[in-house]
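Peer 1: using only what follows, build the 3D model:
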Amino acid sequence: MLQVPFIRDNKAAVIQRLAKRGIDASKMIDEVIALDEKRRNIQTELDNTLAESNTISKQIGGLFKSGKVEEANVLKAKTGELKETSKALTDQLNETTDNLQELLFQIPNVPHESVPAGNSEEDNEEVYNWGDIPTLHEGALPHWELAKKYDIIDFELGNKITGAGFPVYKGKGAKLQRALITYFLDKNAEAGYTEYQLPLLVNEASGIGTGQLPDKEGQMYHVTEDNLYLIPTAEVPGTNIFRDTVLNESDLPIGITGYTPCFRREAGSYGAHVRGLNRLHQFDKVEIIRVEHPSKSYDALDGMVNHVKTVLEELKLPYRILKLCGGDTSFASALTYDFEVFSTAQNRWLEVSSVSNFETFQANRLKLRFKNANGKNELAHTLNGSALALPRILAGILENYQTVDGIEIPEVLRAYTGFAKI
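Peer 2: Modelled structure (predicted):
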C-alpha cells in the first residue's frame, strides 16, 4: 500500500509512473488526497472538541468546590453537547479513514523508474540469457508424454482423485521432485537464508499484508467456514512472520527460505499452453524472502537474481531473464525480473521464477518497521523470489535431458536422487 504522504508530496510522479502499468490513476490519486484532507480536518476538529471538553471538565470541578453550582451545571450541559459532537466526529473520522484505506488497497505499487512501460508480456525487456538450446533426437516428446512413457507422473489419476491440475508423482518422478526441493533448500541455506517450515493456510490479515487480498481473491482457494486461504506462494506466510514488528536496524538484512506446496485456482486457464506441468492448481515451490534496509534493497535484489542464475546454471538449463513491463508487473511489486527456461520439446519459454522488490508497499500494509539510526521507526523494504518453482523446472529437465533410451538426471542432482537416469 502506498503511503499517503508519499502520494501527496509526489502526486504528478505517482500518476506518471502508474501510467507505465496502463493505468490512468489521476482520479484515484485526487480522491486519496481529498479524503486525506477531509480526514485531517475532522481529526483537528475532534482534537479541539476533546481538548475543550477536558478544559471544561476541569473548570466544573472548581466551580462545584466554590459553590457555583448553577455555573457548573451550565458547563456540564455544555460537556454533554461536546460529547455528542465528539461522537459524531469520531464516526465521521472512522468512516473517512475506512474509505481512504479501501481506496488505497485498490492502487498498485508505483513501478521503479527503470521499469519499461507496457501492457502485456509482449512489452517485457530481455536483459540476459544463458546456455545453448540442446538439439533433441528425432521423435523427442513433450514432458507430459515422457511422464506417461516412463510412468513418473500420472495426470489422469490426479484428475480422478481431485481434478485437473493436481498431478500424482510416482516412483522416480516423486524422487526427482523431492531431490529438487532438497537441492534448492540446500543452495538457499548455503547463500545465508534461514530455513522455515510454514503454514499452508493463512488468515485474511496475512493475505492483505502481502497484497494478495483483495487483488487476487479470485485466484485463491478459500476455506469459507474458517475464513482461511490456501497459500498461493510461501511469500505470504513467510513475509507475514514480520507483520506488526519493529526490528532493530542491526537485525537487517533478514533472509529466509521455505518449501511449500502452493495452491492457485488459475481461473480461465485453458489451451495447449497449460498442458502437463505448464500450469497447475497445486504445485511445489521453494521461496526466498528478504527484509532489507531501504538503502540496500536494490543491491539485495541483484544478489537474489545472481543466486537464481547460479542454481539454473548448475542445472544446465538454458534460460533468459526478463525485466517485466509495468502492465505485466504484479500488483505489489515495484520491479520484477522473470526467469524463463527453454522447453526444447515444446519450443517455448517457461517461467520458473519471479524475483521482486516491493520496496515499502508490503511493509506499509504489514506495519513492518525498523528503528533507524536516529531512533525513529521507518518502513523496511521486502523482497521475494522463487528459488525455484518446480513444475516447469521439472518439465525443462524431462524435455531437455531426454535421450533415445531414457532421461538423464542433471549431474548436480544425482547425489540427491540416487540414480543417474530414468
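Peer 1: ok, the closest residue to residue 359 other than its chain neighbours to residue 49 distance?
Peer 2: Excluding the flanking residues, the one nearest residue 359 by Cβ to Cβ, 6 or more residues apart in numbering is residue 334, at 4.6 Å. C-beta here means a position set from N, CA and C on the backbone, and glycine is covered the same way. For residue 334, the distance to residue 49 equals 41 Å [Cβ to Cβ, to the nearest Å].
Peer 1: those two - which one has more neighbours?
Peer 2: Comparing residue 334 with residue 49 by other Cβ atoms under 10 Å, the one with more neighbours is residue 334, at 26 against 20.
Peer 1: tell me the spacing between that one and residue 381.
Peer 2: Per Cβ to Cβ, residue 334 is found 9 Å from residue 381.
Peer 1: again, but for residue 262
Peer 2: Taken as Cβ to Cβ, the span from residue 262 to residue 381 is 24 Å.
Peer 1: quick one: which of these two has more around it?
Peer 2: Ranked by neighbour count (other Cβ under 10 Å), residue 262 and residue 381 place residue 381 first, with 26 against 23.
Peer 1: the more buried one against residue 358, yeah?
Peer 2: Yes. In terms of Cβ atoms under 8 Å, residue 381 counts as a neighbour of residue 358; the distance is 7.1 Å.
Peer 1: tell me which residue lies nearest the centroid of this structure.
Peer 2: Centroid check for the chain by Cα atoms, centre = their mean gives residue 210 as the closest residue, at 5.0 Å.
Peer 1: so that one touches residue 368, yeah?
Peer 2: No. Using Cβ under 8 Å, residue 210 makes no contact with residue 368, being 10.5 Å away.
Peer 1: what residues are shared contacts of those two?
Peer 2: residue 362 (Cβ atoms under 8 Å, 6 or more residues apart in numbering).
Peer 1: pull the longest helix from the protein.
Peer 2: Criterion DSSP state H: the longest helix present in the chain is helix 26-65.
Peer 1: buried residues, whichever helix or strand comes after it. List them.
Peer 2: For helix 26-65, the succeeding helix or strand toward the C-terminus, using DSSP states H and E, is helix 69-105. Buried positions in helix 69-105, judged by neighbour count with 16 or more other Cβ atoms under 10 Å: 72, 75, 79, 82, 85-86, 89, 92-93, 96-97, 100, 104.
Peer 1: dump the C-alpha coordinates for stretch 142-161 into CSV.
Peer 2: What follows is stretch 142-161, C-alpha atoms only, in CSV (Å, rounded to 0.1, in the frame of the first residue of the first chain):
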residue,chain,number,x,y,z
PRO,A,142,6.9,-33.1,-24.6
HIS,A,143,7.1,-33.8,-20.9
TRP,A,144,3.5,-34.9,-20.5
GLU,A,145,4.2,-37.8,-22.9
LEU,A,146,7.5,-38.6,-21.3
ALA,A,147,5.8,-38.7,-17.9
LYS,A,148,3.4,-41.3,-19.3
LYS,A,149,6.0,-43.3,-21.2
TYR,A,150,8.2,-43.7,-18.1
ASP,A,151,5.3,-43.8,-15.6
ILE,A,152,6.6,-41.0,-13.4
ILE,A,153,3.7,-38.5,-13.3
ASP,A,154,0.0,-39.5,-13.6
PHE,A,155,-2.2,-36.6,-14.6
GLU,A,156,-5.3,-38.8,-15.1
LEU,A,157,-5.0,-40.3,-11.6
GLY,A,158,-4.7,-36.7,-10.1
ASN,A,159,-7.8,-35.8,-12.1
LYS,A,160,-9.7,-38.8,-10.7
ILE,A,161,-8.7,-38.0,-7.1
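Peer 1: hang on, the earlier thing: look up the pLDDT of the residue nearest to the centre of the chain for me, please.
Peer 2: Looking at residue 210, its pLDDT reads 96.
Peer 1: for it, give its distance to residue 148.
Peer 2: Distance, residue 210 to residue 148, using Cβ to Cβ: 37 Å.
Peer 1: what do you get for residue 382?
Peer 2: 41 Å.
Peer 1: more neighbours: which of those two?
Peer 2: More crowded of residue 382 and residue 148, by other Cβ under 10 Å: residue 382, with 29 against 15.
Peer 1: tell me which element the more buried one is part of?
Peer 2: Using DSSP H and E, residue 382 falls in strand 381-389.
Peer 1: just give the number of residues close to residue 391.
Peer 2: Using other Cβ under 10 Å: residue 391 sits among 23 other residues.
Peer 1: so it sits against residue 283, correct?
Peer 2: Yes. The pair residue 391 / residue 283 is scored as a contact, 4.7 Å apart, by Cβ under 8 Å.
Peer 1: so what sits against both of these two?
Peer 2: With Cβ under 8 Å, 6+ apart, residue 391 and residue 283 have common neighbours residue 277.
Peer 1: and residue 256, that one's in a helix?
Peer 2: No. In this structure, residue 256 is strand, not part of a helix, as judged by DSSP: H, G, I helix; E, B strand; the rest coil.
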